[in-house]
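1. fold the following and give me the result.
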Amino acid sequence: MTASKQPSGGNRKSDDMRRRIGELEEELAGVRQSQQFYHQLYEASLAGNVVLQADGTIVAINRNFVASLGYAKEELVGKKITQFIVPEDRRLAMNDLRAAFKGQTTEARAFDLIGKDSIRTIWVASGYARIEAGDSRQCILVSGMDITERKRATEALRESERRFRELLQNVNLIAVLLDLKGNVTFCNDFLVRTCGCTKEEVLAHNWFEKFIPPEIAGQMKDVFRKMVKLGDVPPHYENDVLTHDGQRRRIAWNNTILRNPQDDAIIGTASIGEDITEQRHAEAALADIRHKLTTAREEERRRLARDLHDSIGQSLVAMQLELANAPEECKRCKQTPFWQGISDRCARAVREIRQVCYGLYPPTLEPLGLSAALKELLKDYRNHVKISSRFSEAFKKRPLSEETRIALFRIAQEAVQNAVRHSKASRIDLKALCRGKTVVLSVEDNGVGFDVEALRGRGVGLHSMQDRAEAVEGNLHISSQPGRTVVQAQIPTDR
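-> Numbers count the residues shown, from 1 in each chain. Modelled structure (predicted):
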């Protein structure tokens, strides 16, 4: 009986042993699978991972770290990490490694490592992880990101910014950078000299509160913030800037939006400004001279018209009356061709003098107004071309200064004369109307047209019309092509 039981007990032990071995194998397979999983994570990490001993010996390294330095893994494992750190960073790196082994917190910092072909900058994360190697050695896992390209881009950006600021500093124009709130983040010396203040009085101060005239500062500040938020700052505009002593300087600006190169977010504006104060003063003086010249010219025209009418005109009219009322004894002479010729020439001279006087200064312009003077102007041309006129009620009733009335009349006179003399037109249309606070006068014909650009600056008549429009702060636009030429003047009425 005893001999028959012993194999049975041995079998049970064998079964227990096999079951235990199977369980251990399963646990080992699980451990291996877990190790494989974590090794894959270690290798696939976007960071460069390196396992170091206390003396800096490299125990393991993942493929990202290898790729950053450009060496084969066999060229790195077993070597001291300090061999691959630039000399000036080695002491700091080893101090951090020793601190990590003592369980002390380390700061995140960048180290320059010596790659196979170039220096690579690695940003090492804070808080190194302590791990135990397979042979029970204590090691540290260090993780870092290769930021070489980012560092180069940042340095290039800084260099570009330095050159940009240097350029702004040396240019003989105002240069100013504003943040989203309108605070000054940069200004050049030219701005300081123009405004008569120090840089400390400019930088970090709100541009609109310090340099913009108070009557428009609030409005400009609000508009600036809204437009910057939309990224829609006007590229060009003008405004007055206050100097330290309260003077106003007129500045013409060129503006652009500033964006963060990393995320393209709007961070402010950059503006280059030209001081055009003296230019505007010169333009105002020129406009004043032009105004005085135009006034003097019109006064001279009026005087000549009056003198011609009162002297030669009246003498010719008197002569015409005398010829018509000659004594009875001259009756036979009056019927001769010679006498009749003298009478006709006298009548013609009277008409020509009247036309000259009207051309010099229309007698209806003052007593009857611009509409009546324009209609009277067109009468002389109806025998040559079909001509029409249309004036809006607002135009007829709009009170205009004498200077504006004369300018509009002279422009219409020149445009109609040009159309009759040069265009070979069969129809001319004269229109005048009001658009808000602006009078719009246009003369259109269906003639052969002409090259506007070719005649610009050469045609006396075109230049005269342009001058007259600008003298009353208006503008003149001329377009021409075969079959349609339009001369349009727009003159403000609230001058």
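
2. packing partners of the helix or strand hosting residue 271?
-> Assessed by DSSP states H and E, residue 271 sits inside strand 266-275. Using 3 or more CB pairs under 8 Å, 6 or more residues apart in numbering; DSSP states H and E, the elements in contact with strand 266-275 are strand 174-179, helix 214-230, strand 248-259. Where you see a C-beta, it was placed from the backbone N, CA and C, and this is true even at glycine.

3. right, and the helix or strand after it?
-> Strand 266-275 is succeeded, C-terminally, by helix 277-308 (DSSP H and E).

4. any regions of the stretch 151-300 of the chain where pLDDT drops low?
-> 168 (pLDDT under 70).

5. what's the spacing between the residue nearest the centre of the chain and residue 165?
-> The residue lying closest to the centre of the chain (CA atoms, centre = their mean) is residue 235, at 1.4 Å. Per CB to CB, to the nearest Å, residue 235 is found 21 Å from residue 165.

6. is it correct that residue 84 is in contact with residue 69?
-> Yes. Between residue 84 and residue 69 there is a contact under CB atoms under 8 Å: 6.5 Å.

7. overlap in contacts of those two?
-> Shared contacts of residue 84 and residue 69 (CB atoms under 8 Å, 6 or more residues apart in numbering): 76, 113-115.

8. among those, which are located in strands?
-> The strands, defined by DSSP state E, take in 113-114 from those.

9. for the residue nearest to residue 343 when sequence neighbours are not counted, phi and psi?
-> Of all residues not flanking residue 343 in the chain, residue 323 sits nearest, at 4.9 Å (CB to CB, 6 or more residues apart in numbering). Here is the backbone geometry of residue 323 (degrees, to the nearest 10): phi -60, psi -40.

10. list the contacts of residue 323.
-> 334, 339, 342-343, 346.

11. out of these, which is most surrounded?
-> residue 346 (18 neighbours; other CB atoms under 10 Å).

12. let's verify that one: helix, strand, or coil?
-> helix (DSSP: H, G, I helix; E, B strand; the rest coil).

13. now do residue 425
-> coil.

14. quick check on it: phi, psi?
-> phi -80, psi 150.

15. contacting residues around it?
-> 385, 419, 445-447, 485.

16. identify the residues contacting residue 171.
-> 188, 190, 272.

17. thought residue 93 was touching residue 128, still the case?
-> No. Using CB under 8 Å, residue 128 makes no contact with residue 93, being 11.1 Å away.

18. just the buried ones from the shared contacts of residue 84 and residue 69, in ChimeraX syntax?
-> Buried residues within these, by 16 or more other CB atoms under 10 Å, are selected in ChimeraX with:
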select :76,113,115
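
19. can I get the shared contacts of residue 84 and residue 69 in JSON lines with distance to residue 146?
-> Shown next, in JSON lines, are those (distance: CB to CB, whole Å):
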{"residue": "76", "distance to residue 146": "15"}
{"residue": "113", "distance to residue 146": "9"}
{"residue": "114", "distance to residue 146": "14"}
{"residue": "115", "distance to residue 146": "10"}
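
20. nearest to residue 62 among the shared contacts of residue 84 and residue 69?
-> Using CB to CB, residue 76 comes nearest to residue 62 of the shared contacts of residue 84 and residue 69, at 10.7 Å.

21. now the closest one. Its backbone dihedrals?
-> phi -110, psi -50.

22. quick one: contacts for it?
-> 58, 61, 65-66, 69, 84.

23. among these, who's most crowded?
-> That'd be residue 65 among the contacts of residue 76, by other CB under 10 Å, with 26 neighbours.

24. doesn't residue 473 belong to a helix?
-> No. With three-state DSSP as the criterion, residue 473 is assigned coil and is not in a helix.

25. can you tell me the SS state at the residue nearest to residue 408 when sequence neighbours are not counted?
-> Spatial nearest neighbour of residue 408, excluding adjacent residues (CB to CB, 6+ apart): residue 441 at 5.3 Å. Of the three states, residue 441 takes strand under three-state DSSP.

26. and residue 441, what are its bridge partners?
-> residue 432, residue 489 (DSSP bridges).

27. tell me the contacts of it?
-> Applying CB under 8 Å, 6+ apart, the residues near residue 441 are 408, 411-412, 430-432, 488-489, 491.

28. tell me how far it lies from residue 119.
-> 74 Å.

29. hmm, back to that, quick check: phi and psi at the residue nearest to the centre of the chain.
-> phi -70, psi -30.

30. check residue 77 too.
-> phi -60, psi 130.

31. quick one: contacts for it?
-> Counted by CB under 8 Å, 6+ apart, residue 77 has contacts 58-61.

32. please spell out which residues along the strand or helix carrying residue 463 are buried.
-> Using DSSP H and E, residue 463 maps to helix 460-471. For helix 460-471, a neighbour-count test (16+ other CB under 10 Å) marks 462, 465-466, 468-469, 471 as buried.

33. between those, which sits nearest residue 393?
-> residue 469 (23.8 Å).

34. OK, contacts around the closest one?
-> 407, 411, 475-476, 489-491.

35. go again using 6 Å as the cut-off
-> 475-476, 489 (CB atoms under 6 Å, 6 or more residues apart in numbering).

36. among those residues, which one has the most neighbours?
-> residue 489 (27 neighbours).

37. distance-wise, check it relative to residue 15.
-> 116 Å.

38. do the same with residue 365
-> On the measure of CB to CB, residue 365 and residue 15 end up 131 Å apart.

39. how about residue 120?
-> 59 Å.

40. so between these two, which is more surrounded?
-> Counted by other CB under 10 Å, residue 120 and residue 15 do not tie: residue 120 has more neighbours, with 24 against 10.

41. please, which helix or strand holds that one?
-> Going by DSSP H and E, residue 120 is in strand 119-124.

42. so which bits of that strand are buried?
-> Buried residues in strand 119-124 (16+ other CB under 10 Å): 120-124.

43. residue boundaries of the helices in the stretch 1-150 of the chain?
-> Assigned by DSSP state H, counting those that start in this stretch, the stretch 1-150 of the chain shows helices spanning 2-44, 63-69, 87-101, 148-170.

44. scratch that, the stretch 301-450 of the chain
-> Counting by DSSP H, counting those that start in this stretch, the helices of the stretch 301-450 of the chain are 314-324, 331-334, 337-360, 365-368, 370-379, 393-397, 402-422.

45. now what about stretch 112-125, what contacts it?
-> Contacts of stretch 112-125 (CB under 6 Å, 6+ apart): 68-71, 84-86, 89, 108, 110-111, 143-148, 151.
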